[in-house]
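>>> this one's sequence-less:
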């Protein structure tokens, strides 16, 4: 089952997508905006990651597929805690020319709809590096409704210094109120 946004589709990662995902995983600009530390990775690494992903029920990753552009990113629901109904979410748009066009908003809205309406999760969590102002303002702005819930001081080491980790989250109730207020899916 694919997950439909208003302008894009979230679908399962296929083997044919790995070359582009490998490129983004090794792009220093893309990786600077992500909290996890990444070492240069090989295609063998990505092949093994892809094989393990097939049977991983706690970590779901989807490519962001846009008509006429193809895949432009990856949206993830990770560390799913089925008992307590929460998970971690992350989004990466691989090419900078796809940012600022509403694809990120639509990918996050589609991910939230799937997480809350289909998986019956109660909340999603995320985090950003404090200098990723665009990501923080996108998630915590009026269009997505996430809340900043805390900071871990001096958590990430990037560009020769330590930066805070900004913790964000959204509950199912927040999402339902957002959809009613914005009529996003209307």
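It's in. The model shown is predicted, which means the values in this text are computed figures rather than measured ones. Numbering: from 1, shown residues only.
>>> which parts of the helix or strand of the chain with the lowest mean pLDDT are buried?
When the helices and strands of the chain are scored by mean pLDDT, DSSP states H and E, helix 28-32 comes last with a mean of 73. Residues of helix 28-32 classed as buried by neighbour count (16 or more other CB atoms under 10 Å): 30-31. Where C-beta positions appear, they are placed from N, C-alpha and C, glycine not excepted.
>>> go on, stretch 119-128?
121, 123-128.
>>> any chance you could list what contacts that stretch?
For stretch 119-128, contacts defined as CB atoms under 8 Å, 6 or more residues apart in numbering pick out 33, 35, 77, 80, 84-90, 111-112, 115, 135-136, 139, 146, 165-172.
>>> run the last query once more with 7 Å
Stretch 119-128 has contacts (CB atoms under 7 Å, 6 or more residues apart in numbering) with 35, 85-90, 112, 115, 135-136, 139, 165-172.
>>> which ones among the residues you listed lie within helices?
112, 135-136, 139, 172 (DSSP state H).
>>> so what pLDDT did the closest residue to residue 144 other than its chain neighbours get?
Distances taken as CB to CB, 6 or more residues apart in numbering place residue 108 nearest to residue 144, at 5.7 Å, with adjacent residues excluded. On the pLDDT scale, residue 108 is placed at 98.
>>> do the same with residue 142
Residue 142 is assigned 94 on the pLDDT scale.
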